[in-house]
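Participant: A predicted structure for the sequence below; I have some questions about it.
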Amino acid sequence: PAPAVGAPSTPAASAPAAAPANVDVAAIMDAAVKKSGQTLNWRTSIVDTLKALGLDSDIAARKELAKELNYTGDTGDSATMNVWLQKAVMKKLSENGGKVPADLMD
């Protein structure tokens, strides 16, 4: 089968899908931070998480992410929204086979 629309065109993306494995989120994120060359705290900051992954981290992008993840709070209160987003992203990673450190799941 062809890779999903928008999927990166890498050999891994075109490999047959296997059962989801537990992916070590902390190891992947720590490596992404190191590769970025920036001082980023992905464990507590959604902005830093997005930057480490090379994604747009501006307020408009975070509001769009909040909408996609069904945030019902005030997107004008960016501090509260950012805390919620960080937890929601970690929860989604966990739900999709990611091994997320327990202290990031509460």
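Facilitator: Everything's here; your move. Numbering: from 1, shown residues only.

Participant: shaky segments in this protein?
Facilitator: Residue ranges of the chain with pLDDT under 70: 1-21.

Participant: All the helices of it, residue numbers only.
Facilitator: Here the chain has its helices, by DSSP state H, at 11-14, 25-36, 46-52, 59-68, 78-95.

Participant: So the residue most central in space within the chain versus residue 79, what's the distance?
Facilitator: Taking CA atoms, centre = their mean, the centroid of the chain lies closest to residue 89, which sits 5.3 Å from it. Per CB to CB, to the nearest Å, residue 89 is found 16 Å from residue 79. From N, CA and C alone the C-beta is placed, and that goes for glycine too.

Participant: Check residue 104 too.
Facilitator: 18 Å.

Participant: And residue 43, by the same measure?
Facilitator: Residue 43 is 17 Å from residue 79, by CB to CB.

Participant: again with residue 38
Facilitator: Counting by CB to CB, the gap from residue 38 to residue 79 is 21 Å.

Participant: Look at those two and report which has more neighbours.
Facilitator: residue 38 (10 against 7; other CB atoms under 10 Å).

Participant: Just give me the neighbour total for the residue nearest to the more buried one when sequence neighbours are not counted.
Facilitator: Leaving aside its chain neighbours, residue 38 sits nearest to residue 51 (6.5 Å; criterion: CB to CB, 6 or more residues apart in numbering). Around residue 51 there are 18 other residues, counting by other CB under 10 Å.
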